[in-house]
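quick one, structure for this:
(chains A and B)
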Amino acid sequence: MKKLIFILLFSTLIYSSEKVKIKELFENSKKYNGKSVIIEGEAIGEIMGRGKEKWVNIKDVFEDFAIGVVVSEKDAKIIENLGSYKVKGDILRIEGIYNVNCLKHQGERDIHAVRVEIVKKGERYKEEIILKKVILCFLLLIITSFLMTFAHKKEISAKE
Amino acid sequence: MIPQFSRDDLKGIFHYTGKLIILIGYLLLFPLFIAILYKEWNPALDFIFTSLFSLSIGYLIVSQFPESSDINWRQGMTIASLIWLIYMFLGAIPLYLSGHYKSYMDSCFEAMSALATTGLVLVNDLDHMAHSYNFWRHFMCFIGGQGIILLGLLIFFKGASAFKIYVGEAREEKILPNVVQTSKFIWIVSTCYLIVFTLILGFVNILHGFSPSRGFFHAICLFMAGWDTAGFAVQTQNIVYYHSGLVDLITALIVILGATSFALHYAVWTGKFKEIFENYEFKVFLISIISLTFLCFAGFLKSVKNIDFISGFRIVFYQIISGHTGVGYTNIDPYHFKTYWNDFSLIILTIAMGLGGCSCSTSGGIKILRIGLIFKEIKKEIKGYSYPFSTVIIEKYHHIKDISLSDVQIKTVAIISIMYLVTYLIGGIIGTFLGYPFIHSLFESTSACANVGLSVGITNPDMPGILKITYIIEMWIGRLEFISIFVFIKYLISLRSPE
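Numbering: from 1, shown residues only, chains lettered A, B, ... in the order given. Alright, predicted model coming up:
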């Protein structure tokens, strides 16, 4: 019986969660404050730890909006790639309670995750060196060396 | 008769400008080192290109104007104004090449914001930016906050020329008898704090879960942007990214130290601890922070419901410290201001930004010493009416030594303060003309001109170009405190009209 109630409550929570863009959470914060929401975004930077609670910053894939999400240690472990230079972070789908001024976390705007899943695995990519840049730098090096010598000679003759 | 600029002035101006351009060529080797360290090869090539390009221009100019004679006041001020624009154009090149900016104008905006230690940003997708580009953004804050000229003083300028160009960069105080020694002291203090706080913040970051390499990278960047009251951060979310009260606390301490006069730092470093309690400027600074925090907090609690006292105080105190010191670090987002802060709290924060930090610090704005002196003058005037007409009233204040308030000093203070207020207002009016609410426009304009960097969201890559140019000019003139830029403009006009 208890299990049934739990399943019913849980499914109600899922049903009542609304999928929103992170930008929407900032623009219409009063509307979503304290409610269950679903967001999708890239895990970026690092996972920061506070005992069993971990912070993951989730960034919208297309826009410069990011939000801190509090996840459990277990959920944090599923994240393998965190977005940075040359790394595309895992795209996560997070369901949780949105707080504009979280009382538990000194007034921070955050989401307390209930469910975390990976929608798309991130990846590391290699940097390709652009040959044109190498040639340009080499030519500029020759010009600079010439000008440097010329300027030094001129300065010495001016002092004399 | 007003002395006209002669074309002979050009020789000195171009010679030293060329030298300072060479300097940025060498400064670009620092981010190049970071690029090599993190194996970022394309960014490394961008830094090599920009460095060589700067060196070529610099050496070309020096070869045409090889004589290094003493410079006069006009030349000093013109060099100071001109070099900041040139550094903006050159410093923006690697940023533009990074592909994180919509246009070259946006990267120029960001470069000026870094150099003038403002902290307003137009960068896209900062979270995926290469370490070396990100380091360059923060390193520009460090160069600009310390002063381009101040760095040049260590290398190029000697004798009487040194002081003339030193003043051009909005610094009047000589901490030591010689400006070159003063410059050395400022660099020594800054380097010591850099080492100490990079270690502290680095270890805190590691404790929070950062890798050592990323932890110390974040630490050095946060220090450079905090100490020089710029407010740039490594990630899009600014200080929010760390979700840590401890990081808030350490960065607040760094920015207060950065906004404190180097003259006071010198007194403390030489064992005169009493100066902390006696220094008039520092006392006014603390009183102002406390009273503005109280007022802002009262307004904040009125508009923000469902927040506990500690959390509310953490938010308000950090914004006031950030605004008052001119750093622009924030532990909330622009939408928090827009949605939850009432006009009263925003006006109080705008006032804090407008006032700025201490004189002879890395901070912008009107500066606290000037505000303190205006209050002293008001007190003097009131006293004047209370005593017999023939009474001579002398008002004194303690700033390293006891100083009597003079009419000349008050005149200068009043002129500069008025110019700041007018510029804040002009920027606010332009923003309003372009369709933004007046309070928000005034907030953003004050933030740009006082070199703060807090934003209510107006500053973004899609804002009108005219507003970007307005803020670039505001940041430039705000950093150099008007006079040297007026001299520079007069110089340009005099070149067009023969004597």
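
now the helices for the stretch 301-450 of chain B?
B:309-325, B:334-340, B:343-355, B:368-386, B:407-433, B:438-449 (DSSP state H, counting those that start in this stretch).

quick one, which of the ones you listed gets closest to chain A.
Evaluated over those, closeness to chain A peaks at helix B:309-325, with 3.0 Å, by Cβ to the nearest Cβ. In this view, the C-beta of every residue, glycine as well, is placed from N, C-alpha and C.

elements contacting that closest one?
The contact analysis (3 or more Cβ pairs under 8 Å, 6 or more residues apart in numbering or on different chains; DSSP states H and E) places helix B:309-325 against strand A:91-102, helix B:245-258, helix B:280-303, helix B:343-355.

tell me the most buried of those?
The highest average neighbour count among those, using mean count of other Cβ atoms under 10 Å in any protein chain shown, belongs to helix B:343-355 at a mean of 23.

so A:Leu92 sits against A:Ile79, correct?
Yes - contact criterion Cβ atoms under 8 Å: A:Leu92 and A:Ile79 qualify, at 7.1 Å.

for the two, list the residues in contact with both.
A:43, A:56, A:116, A:118 (Cβ atoms under 8 Å, 6 or more residues apart in numbering or on different chains).

narrow the residues you listed to those that are buried.
A:43, A:56, A:116 (16 or more other Cβ atoms under 10 Å in any protein chain shown).

mind putting the residues you listed in TSV, pLDDT included?
What follows is those, written out as TSV (pLDDT from 0 to 100):
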residue	pLDDT
A:Ala43	97
A:Val56	96
A:Val116	95
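
and those as CSV, adding secondary structure and distance to B:Ser441?
Formatted as CSV, these follow (DSSP: H, G, I helix; E, B strand; the rest coil; distance: Cβ to Cβ, whole Å):
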residue, secondary structure, distance to B:Ser441
A:Ala43, strand, 36
A:Val56, strand, 36
A:Val116, strand, 41
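
most centrally placed residue in the chain?
Let's take chain A. A:Ile44 (2.9 Å; Cα atoms, centre = their mean).

please go with chain B instead
B:Thr117 (3.4 Å).

give the contact list for it.
The neighbours of B:Thr117, taking Cβ under 8 Å, 6+ apart as the test, are B:141, B:144-145, B:228-231, B:326, B:362-364, B:451, B:479.

wait, what's in contact with the closest residue in space to B:Leu301 that isn't next to it in sequence?
Counting by Cβ to Cβ, 6 or more residues apart in numbering or on different chains, B:Leu301 lies nearest to B:Gly312, which is 6.0 Å off, once chain neighbours are set aside. By Cβ under 8 Å, 6+ apart, the contact set of B:Gly312 is A:101, A:107, B:297, B:300-301, B:304.

same deal with A:Gly49?
A:55, A:73, B:208-209.

max pairwise distance over these: which two?
Longest distance between any two of those is 14.6 Å, between A:Glu73 and B:His208; criterion Cβ to Cβ.

ok, the two, which is more surrounded?
Ranked by neighbour count (other Cβ atoms under 10 Å in any protein chain shown), A:Glu73 and B:His208 place B:His208 first, with 20 against 12.

follow-up on the earlier one: go through the helices of the stretch 301-450 of chain B and pick out the most buried.
helix B:438-449 (a mean of 26).

buried stuff in the next helix or strand after that helix?
Later in the chain than helix B:438-449, the nearest helix or strand by DSSP states H and E is helix B:465-480. For helix B:465-480, the neighbour count (16+ other Cβ under 10 Å) marks B:467-468, B:470-480 as buried.
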